[in-house]
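Chemist: Got a sequence here, can you build the structure:
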Amino acid sequence: MPGMSVSDGLELLAGLLLLVAGVVKYRRRAREDAQHGSQMGVILIAFGLIALVLGFDLLEYRPWPAELMAGGR
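Modeler: Sure thing, here's the model as predicted:
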């Protein structure tokens, strides 16, 4: 990561907040009903992980060296 833009930093912050909120919600629900967790907690965790992946630019396209030498399409 050569440099992190403001939007990447905000995505990381949002992802981290969603992840923490999801864990807290899931754990609170599990304490009330030991056999079931919170569906909303799981959804928040999933959205948090997606935001973290996007914030770290893990889905950025990086061509192979052979593609660069061949000219690519």
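Chemist: Buried residues in the longest helix belonging to the chain, which are they?
Modeler: When the chain is parsed with DSSP state H, its longest helix is helix 6-32. Judged by neighbour count using 16 or more other Cβ atoms under 10 Å, the buried positions of helix 6-32 are 11-12, 14-15, 18-19, 21-22, 25-26, 29. All C-beta atoms are positioned from the backbone trio N, CA, C, and that covers glycine.
Chemist: again with stretch 50-67
Modeler: Within stretch 50-67, the residues that qualify as buried are 51-52, 54-55, counting by 16+ other Cβ under 10 Å.
Chemist: Now the two most distant members of these.
Modeler: Farthest pair in those (Cβ to Cβ) is Leu52 and Leu54. Separation: 7.3 Å.
Chemist: any residues in contact with both of these two?
Modeler: Common neighbours of Leu52 and Leu54, using Cβ atoms under 8 Å, 6 or more residues apart in numbering, are 11, 15.
Chemist: tell me the average confidence for stretch 48-56?
Modeler: Mean per-residue pLDDT for stretch 48-56: 91.
Chemist: Let's have the buried residues of helix 6-32 in TSV, adding distance to Leu68 and pLDDT.
Modeler: TSV is the format used below for the buried residues of helix 6-32 (distance: Cβ to Cβ, whole Å; pLDDT from 0 to 100):
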residue	distance to Leu68	pLDDT
Glu11	28	90
Leu12	29	93
Ala14	33	94
Gly15	31	95
Leu18	36	96
Leu19	36	96
Ala21	42	96
Gly22	40	94
Lys25	45	91
Tyr26	44	88
Arg29	50	79
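Chemist: Compile these into CSV and extend it with columns for distance to Gly41.
Modeler: Formatted as CSV, the buried residues of helix 6-32 follow (distance: Cβ to Cβ, whole Å):
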residue, distance to Gly41
Glu11, 21
Leu12, 20
Ala14, 17
Gly15, 15
Leu18, 11
Leu19, 10
Ala21, 8
Gly22, 5
Lys25, 4
Tyr26, 3
Arg29, 6
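Chemist: Which one of these is nearest to Met40?
Modeler: Relative to Met40, the closest of the buried residues of helix 6-32 is Lys25; by Cβ to Cβ it sits at 5.8 Å.
Chemist: just checking, that closest one touches Ile43?
Modeler: No. Look at Lys25 against Ile43 with Cβ atoms under 8 Å: they stay out of range, at 9.3 Å.
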